[in-house]
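Novice: 3D, please:
(one chain, ligands or ions: 3)
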Amino acid sequence: MKSLGEFVIEKQHEYPEAKGSLSGILSAIRLAAKRLHRDINRAGLTSDILGEAGQENVQGEAQKKLDVLANNIMKRALNARDDIAGFASEEEDEIIAFDTERGRNAKYVILTDPLDGSSNIDVNVSVGTIFSIYRRISPIGSLVTEEDFLQPGKNQIAAGYVVYGSSTMLVYTTGNGVNGFTYDPSLGTFFLSHGNLTIPNDGKIYSVNEGGYQKFPQGVKKYIKYCQEQVPEEGRPFTSRYIGSLVADFHRNMLKGGIYMYPQASSYPNGKLRLNYECNPMAFLAEQAGGLATDGERRILDIVPEKLHQRSPFFCGSKKMVEKVMSYIQEEK
Ligand code: AHG
Ligand code: MN
Ligand code: MN
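Specialist: Residues are numbered from 1 along each chain as shown. Ligands and ions are numbered 1, 2, ... in the order given. Here you go, the predicted model:
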């Protein structure tokens, strides 16, 4: 049984430049994940976790108490590392420069969705945490700028998620494949359980909130009909599975093969998911596992972000399924 800490040290040679820094950053995320695991698993027993926080984030979404708690846990854990120059989060209006007093010798910035799937927390369904790590562009020792956080996803040096499901798992990539670690709460340790994860090239699961169907682009509607068609020799109709937590839906599709879709919809003309801290890290993981991620036209990782909280349509998962939906989208343009 190999622990996450042992694994990270063993793999340090794969990223010589980032070496100690990346190990330190990952251990901060690991610590935050353990705290969140503890709090999420006690959610019904205390009044400060379930329910609304009574305020909105900059995107106009009502924050849950756990959104705020998760954000604070991540911010505190990351701020404690000298390697991290700045932080951006779904729950923060602006980027945050860590330690504005003394110049840190910090090369990295982190973006996070501290609590993904927060509508599921009150009903005891899986939620997650997503993180994305970039090398800063601004000079070391200065304050971070927005430019450091608005890099295309292909510049990520690491990304991953924690899924708080029937067990808690941490899954990450540093650009050399994807590895998954299962948490043993009795020991307080993540152990390597899913080495070298790959997404099946093709799959039979499609995940989409079909409530938005009427306003989906024509190509996406056609693809959904294709998924539902009776063609037993090709394994169709496919199975529909939608949890409503990107992390959990992605995780299932990675293990079993499938496609996750959040297209343009009536209340979300650009899709709902945020490019910088939802789509990009998942796209990096998907590609590293042999899958694909697109906004319907472009590779997600090639998009140059313009705004911190920018949204993007998102189609991600098994290579053949993503290619298929893209071909329908292109045909209907
Ligand atoms: P968050 O809780 O971080 O705001 O993210 C929720 C996202 C994503 O996790 C999920 O797949 C999607 O929103 C669900 O949206 P719908 O309820 O519109 O399907
Ligand atoms: Mn989210
Ligand atoms: Mn969130």
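Novice: tell me the contacts of Asp302?
Specialist: Residues counted as contacts of Asp302 (CB atoms under 8 Å, 6 or more residues apart in numbering) are 152-154. (C-beta placed from N, C-alpha, C; glycine too.)
Novice: same thing but at 6 Å, please
Specialist: Contacts for Asp302 (CB atoms under 6 Å, 6 or more residues apart in numbering) come out as Pro152.
Novice: go on, Ala28?
Specialist: By CB under 6 Å, 6+ apart, the residues touching Ala28 are 77-78, 81.
Novice: and those residues, which of them are in strands?
Specialist: Among the contacts of Ala28, no member falls in strands (DSSP state E).
Novice: Just give me the closest of those to ligand 2.
Specialist: Closest approach between the contacts of Ala28 and ligand 2, by CB to the ion: Leu78, at 18.0 Å.
Novice: okay but the closest one is in contact with Ala85, surely?
Specialist: No: Leu78 is beyond contact range of Ala85, at 10.2 Å (criterion: CB atoms under 6 Å).
Novice: For the contacts of Ala28, pick the one with the most neighbours.
Specialist: Counting neighbours by other CB atoms under 10 Å, Leu78 leads those with 25 neighbours.
Novice: Turn the contacts of Ala28 into JSON lines, including pLDDT and distance to Asp116.
Specialist: Formatted as JSON lines, the contacts of Ala28 follow (pLDDT from 0 to 100; distance: CB to CB, whole Å):
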{"residue": "Ala77", "pLDDT": "97", "distance to Asp116": "17"}
{"residue": "Leu78", "pLDDT": "96", "distance to Asp116": "17"}
{"residue": "Arg81", "pLDDT": "91", "distance to Asp116": "22"}
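Novice: Give me the subset of those that lies in helices.
Specialist: Cross-referencing the contacts of Ala28 against helices under DSSP state H gives 77-78.
Novice: Give me the domain ranges for this protein.
Specialist: Split into domains by automatic domain parsing, the chain comes to 4-194, 205-331.
Novice: which secondary structure element contains Ile130?
Specialist: Element membership for Ile130, per DSSP states H and E: strand 127-135.
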